[in-house]
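1. My questions are about this predicted structure, shown below with the sequence.
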Amino acid sequence: MAKSPAQPHPEHPATPDPLAAALGPSPIEKFIDEHKVLIGGGLLAIVLGVSAAIWFSGTRDATALESAQAFAKATSLKELDELIAANPDSDVAGNALLRKAALLEDEGKLDEARAALVEIRVKHPQHPLVDQATMGLARLAANANELDKAEEFLSEIPTSSDLAALAQLAMGDLASRQGDLAKAKLIYEPIQANYPVNPWSQEVEDRLQSVRLEEAKAKTPAPVAVAAPPVPAPAAAPATPSPAAASQPVQPAAKVEDKSTAKPQEKPAAKVEEKPAVAPK
């Protein structure tokens, strides 16, 4: 089988999106990593190892090998469509549809990418990577804020799938995204017990730790604010007279007569006119 040119791995974000990491470190991905096969990002992670899947399925005849080589060389939508038309009922067609969906999403053609993933589920239900197609549909729905539809796709991942733990982790993320931390915790907690060996153990522990911190914050009572005592206003300083005003003599205040208590002025007695005394005769 021809090898694609080796390229450096993309840098993983600090908090990986479990819906974007559809394969995780599965046996197929380990095979690809060891042989330096081209690895892409985003939805392209879903198609990691699709050419190697034929090798692991035990199909080694010449026709399958030629198809796998053709798939490895197909890098454009036209080439992928030709491969699908030439192998309509084979796993190669499913592989090509996965890669086609990745290319369409990279070009921003999300509806066409979604249609390619649906076609895998409808026409190739037994494809070894059909669960990756379902995970891709769930991720596209979640990115479009269609959370109910995303949850429906995730619930279709069987518990026997290699992606069962990832699907449950993504279900918890959807609950957390909707603010239901109690539901998210109930989903996260059984993952390690149900799937003790899974590539997403650290992500599960990180999610649980985050939920517990949020619960602790919610239970911590808010501090009671104590009002500070009022600060008395400073007394007003006496006004300082200007030098010009200080040089002026102070005039005594005019005396105001209290008319309410003053005694009424007495009228002078009537003057009695004295008559001259009459001399005796």
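-> Received the coordinates, thanks.

2. In three-state terms, label residue 149 for me.
-> helix (DSSP: H, G, I helix; E, B strand; the rest coil).

3. can you count the residues close to it?
-> 15 (other CB atoms under 10 Å). C-beta: built from backbone N, CA, C; applies to glycine.

4. In which helix or strand does the spatially closest residue to residue 168 that is not a sequence neighbour reside?
-> Leaving aside its chain neighbours, residue 168 sits nearest to residue 191 (5.3 Å; criterion: CB to CB, 6 or more residues apart in numbering). Using DSSP states H and E, residue 191 maps to helix 181-194.

5. which element follows that helix toward the C-terminus?
-> helix 201-219.

6. residues in contact with that following helix?
-> Residues outside helix 201-219 that contact it (CB atoms under 8 Å, 6 or more residues apart in numbering) are 15-16, 18, 165, 169, 172-173, 176, 181, 184-185, 188-189, 191-192.

7. pLDDT score for the residue nearest to residue 168?
-> Listed pLDDT for residue 191 reads 95.

8. Identify the residues contacting it.
-> 165, 168-169, 172, 198, 200, 204.

9. Restricted to buried residues, select the residues you listed in ChimeraX.
-> A single ChimeraX command selects the buried members of the contacts of residue 191 (16 or more other CB atoms under 10 Å):
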select :165,168,169,172,198,200,204
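
10. In the contacts of residue 191, find the pair that's most separated.
-> 172 and 198 (13.6 Å; CB to CB).

11. And the helices in the protein?
-> Assigned by DSSP state H, the helices in the chain fall at 27-34, 50-56, 62-73, 77-86, 91-106, 110-123, 130-143, 147-155, 164-177, 181-194, 201-219, 243-247.

12. how about the ones you listed in CSV, adding distance to residue 230?
-> Formatted as CSV, the helices of the chain follow (distance: least, CB to CB, whole Å):
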stretch, distance to residue 230
helix 27-34, 69
helix 50-56, 75
helix 62-73, 81
helix 77-86, 75
helix 91-106, 64
helix 110-123, 62
helix 130-143, 55
helix 147-155, 52
helix 164-177, 46
helix 181-194, 43
helix 201-219, 34
helix 243-247, 37
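
13. Select, out of these, the one closest to residue 229.
-> helix 201-219 (31.6 Å).

14. returning to that earlier point: can you tell me which of the contacts of helix 201-219 are buried?
-> Neighbour counting by 16+ other CB under 10 Å classes 18, 165, 169, 172-173, 176, 181, 184-185, 188, 191-192 among the contacts of helix 201-219 as buried.

15. Of the residues you listed, which is the nearest to residue 96?
-> Nearest to residue 96, judged by CB to CB, of the buried ones among the contacts of helix 201-219 is residue 18 at 25.5 Å.

16. can you pull the pLDDT of that closest one?
-> 48.

17. ditto for residue 279
-> Note on residue 279: pLDDT of 53.

18. just to revisit the earlier point, using PDB, write down the CA coordinates of the helix holding residue 191.
-> Below are the C-alpha coordinates for helix 181-194, written out as PDB (Å, rounded to 0.1, in the frame of the first residue of the first chain):
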ATOM      1  CA  LEU A 181     -24.200  20.300  35.900                       C
ATOM      2  CA  ALA A 182     -26.000  17.600  38.000                       C
ATOM      3  CA  LYS A 183     -26.900  15.700  34.800                       C
ATOM      4  CA  ALA A 184     -23.400  16.100  33.400                       C
ATOM      5  CA  LYS A 185     -21.900  14.700  36.600                       C
ATOM      6  CA  LEU A 186     -24.300  11.700  36.400                       C
ATOM      7  CA  ILE A 187     -23.100  11.000  32.900                       C
ATOM      8  CA  TYR A 188     -19.400  11.500  33.500                       C
ATOM      9  CA  GLU A 189     -19.100   9.400  36.700                       C
ATOM     10  CA  PRO A 190     -19.900   5.900  35.300                       C
ATOM     11  CA  ILE A 191     -17.500   6.300  32.300                       C
ATOM     12  CA  GLN A 192     -14.400   5.100  34.000                       C
ATOM     13  CA  ALA A 193     -16.200   2.100  35.600                       C
ATOM     14  CA  ASN A 194     -18.000   1.100  32.400                       C
END
